[in-house]
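> coordinates only, no sequence provided:
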């Protein structure tokens with residue numbers, strides 16, 4: 001028996017009862033194969049059992065213990081090695097028998113022609129190698145199908161299921177599904193898409209569909225289709241996104257509580273001074289204006305907080321980043337708690353296409369990181385400009401560059417490349433999740449942009465967001481701030497809070513409208529039944545019995561064409577999310593007039 005030291009060579013078993021023949025075969029083949037040999041077919045069977053990875057078995061036909069064709073047939077259950085039968089006699093019946101039993105793939109006559117036999121062994125070893133590779137691929141595919149939670153299908157060009165880990169092709173007859181499958185087959189290119197279903201009364205579900213065409217020719221092309229349930233991942237991403245918002249809001253809370261106390265002090269103080277100045281119109285006007293200004297600032301902060309904390313699906317929009325950052329200025333300033341100054345230098349000329357909520361969260365997170373890097377105070381500068389992008393965005397042309405710069409401790413060079421790794425943080429345990437910067441980068445890359453970071457220990461850090469620059473999409477002309485004169489209407493005002501209802505009624509009557517009051521939905525429906533002259537319904541959204549939106553739906557069934565305005569303090573209820581114009585609390589008389597004017601203006 002001869003062994004090669006190279007375990008990578010194909011393993012070949014040679015069996016012949018004549019030792020001289022074995023030596024000759026070993027001399028012929030040992031440079032290319034790892035050889036095992038035996039003069040006994042009975043002993044050779046034990047070798048086969050111990051070496052199921054044999055590539056080729058070469059056996060003499062005439063041997064005392066058993067013929068070669070019988071030996072090869074008995075070896076077949078233990079190994080699928082290619083087999084070659086050697087015979088020195090014209091015993092074709094044994095060869096035919098061996099072929100019929102599937103025991104051999106070829107035979108050679110003694111004496112053999114050396115190069116011909118070497119070529120025969122090489123071809124046999126290659127066939128065995130291909131069979132092993134095929135078995136591996138089949139086993140891997142079968143294991144993938146059986147173990148995978150994904151729905152895996154192999155479809156032919158007629159959209160028939162050839163292989164799969166399920167019984168049928170879901171929605172196989174749906175036109176859009178079939179069209180996309182056929183388009184992938186025709187193009188021969190990989191494609192993927194995300195599909196959403198459910199919503200409203202059903203649970204939302206997301207599915208990622210990957211289409212992988214394969215085949216040697218167009219007529220033989222098949223489609224590997226993998227449908228993955230992405231629902232859990234999407235919901236986890238949504239929860240993570242919301243958790244990051246809540247963490248940022250928690251950071252904001254202390255500063256905002258302090259500022260609200262200041263605002264309330266200003267409002268109460270000015271109202272008290274106004275009461276003392278009833279006989280002095282100029283001073284009375286000034287004090288009331290101061291109180292209204294302070295209340296307006298508080299309203300803006302509350303509205304921004306509610307909008308920022310709102311949980312919603314991510315959706316990209318085209319918007320001006322400078323305007324979004326200016327809207328955030330007061331909110332961000334409150335996170336500084338007087339320790340750090342905030343400066344804006346906004347000169348971006350253009351728009352970006354991103355999710356506004358993610359963009360706002362990114363800016364807030366960067367500012368919180370910058371603040372935390374300046375334990376002894378300092379300055380944060382948020383700047384924007386139109387500029388050539390980094391090399392990876394060279395294809396995008398001009399970019400919008402948004403930089404958040406601090407003069408804090410800086411980041412050591414050996415940590416700089418790690419700050420975008422999920423869950424990596426340089427903050428003390430319990431003070432950071434390590435998810436802020438990875439989410440910033442994910443937001444930028446999802447918008448076709450990127451993030452760069454420049455930092456020097458002891459000098460500060462600049463994190464720069466790069467976005468492809470777009471031309472702004474200007475909104476349609478807004479309703480004029482001072483609404484045009486509107487005709488006198490008969491208005492049903494529905495509000496369960498008596499004080500707010502009194503203000504609403506006063507604004508309406510001051511604008512020349514006739515008002516019927518209702519403190520809830522039932523009273524409002526009764527008024528609509530008894531008064532056919534009502535032109536407009538102005539209703540609060542959140543009421544004890546049914547919501548203002550449900551009230552409108554019932555009322556519009558009874559009075560088709562009834563015009564209505566929804567008044568709310570909830571951020572989740574906004575224009576576009578409900579089929580009504582929305583007036584957000586707190587509101588001014590002019591805002592109410594403008595909304596009524598919008599209701600009366602026919603849609604284009």
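The structure has been received and is ready for your questions. Predicted model only: the values in this text are computed from it and were never measured. Numbering: from 1, shown residues only.
> ok, the closest residue to residue 82 other than its chain neighbours - contacts?
Once flanking residues are discounted, residue 82 sits nearest to residue 124: 3.5 Å by C-beta to C-beta, 6 or more residues apart in numbering. Quick note: C-beta positions are derived from backbone N, CA and C, even for glycine. Counting by C-beta atoms under 8 Å, 6 or more residues apart in numbering, residue 124 touches 55-56, 82-84, 105-106.
> residue 124 and residue 535, how far apart?
Here the distance between residue 124 and residue 535 works out to 94 Å (C-beta to C-beta, to the nearest Å).
> ok now the host helix or strand of the residue nearest to residue 82, how far from the chain's centre?
Element membership for residue 124 (DSSP states H and E) is helix 114-147. Relative to its chain's centre, helix 114-147 lies at 40 Å (C-alpha atoms, centre = their mean, to the nearest Å).
> output the longest strand belonging to the protein.
The longest strand of the chain (DSSP state E) is strand 202-214.
> quick one: which of the contacts of residue 124 is nearest residue 385?
Here the nearest of these to residue 385, counting by C-beta to C-beta, is residue 55; it sits at 67.0 Å.
> now the end-to-end length of stretch 388-399.
End-to-end distance for stretch 388-399, by C-alpha to C-alpha, to the nearest Å: 6 Å.
> roughly how far does residue 79 sit from residue 21?
22 Å.
> residue 466 now?
From residue 466 to residue 21 the distance is 75 Å (C-beta to C-beta).
> re earlier: where's the dip in pLDDT among the contacts of residue 124?
The member of the contacts of residue 124 with the lowest pLDDT is residue 105, and it reads 74.
> thought it was touching residue 81?
No - the criterion here is C-beta atoms under 8 Å, and residue 105 misses it with residue 81 at 9.6 Å.
> more crowded one of the two?
Comparing residue 105 with residue 81 by other C-beta atoms under 10 Å, the one with more neighbours is residue 81, at 28 against 18.
> surely that one touches residue 55?
Yes - if you go by C-beta under 8 Å, residue 81 and residue 55 touch, sitting 5.8 Å apart.
> just the strands in the stretch 151-300 of the chain please.
All strands of the stretch 151-300 of the chain, identified by DSSP state E, counting those that start in this stretch, fall at 151-155, 161-164, 191-199, 202-214, 222-229.
> mind giving me the packing neighbours of the longest one?
If contacts are counted by 3 or more C-beta pairs under 8 Å, 6 or more residues apart in numbering; DSSP states H and E, strand 202-214 sits against helix 175-187, strand 191-199, strand 222-229, helix 231-275.
> which sections of the stretch 501-604 of the chain are below the confidence cut-off?
Applying pLDDT under 70 to the stretch 501-604 of the chain flags the ranges 570-578, 602-604.
> dihedrals phi and psi, residue 30?
Main-chain dihedrals, residue 30, degrees, to the nearest 10: phi -70, psi -20.
> just the one 3 residues further on next, same as before
Listed backbone geometry of residue 33 is phi -140, psi 160, with angles given as degrees, to the nearest 10.
> list just the nearest of the contacts of residue 124 to residue 37.
Of all the contacts of residue 124, residue 56 has the smallest distance to residue 37: 12.5 Å, by C-beta to C-beta.
> residue contacts, that closest one?
Taking C-beta under 8 Å, 6+ apart, we find residue 56 in contact with 10, 12-13, 33, 81-84, 121, 124-125, 128.
> so how far is residue 163 from it?
Using C-beta to C-beta, residue 56 is found at 31 Å from residue 163.
> could you do residue 463 as well?
Distance, residue 463 to residue 163, using C-beta to C-beta: 49 Å.
> looking at those two, which is more packed in?
Remark: of residue 463 and residue 163, residue 463 carries more neighbours, 23 against 13, as counted by other C-beta under 10 Å.
> give the other helices and strands that whichever strand or helix holds the more buried one contacts.
Taking DSSP H and E as the definition, one finds residue 463 inside strand 460-468. Applying 3+ C-beta pairs under 8 Å, 6+ apart, we find strand 460-468 packed against strand 352-354, helix 356-372, strand 398-406, helix 436-446, strand 450-456.
> in TSV, list the ones you listed along with distance to residue 555, mean pLDDT and mean neighbour count.
TSV is the format used below for the helices and strands packed on strand 460-468 (distance: least, C-beta to C-beta, whole Å; pLDDT from 0 to 100; neighbours: other C-beta atoms under 10 Å):
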stretch	distance to residue 555	mean pLDDT	mean neighbour count
strand 352-354	39	90	23
helix 356-372	33	82	22
strand 398-406	46	93	22
helix 436-446	42	77	20
strand 450-456	50	89	17
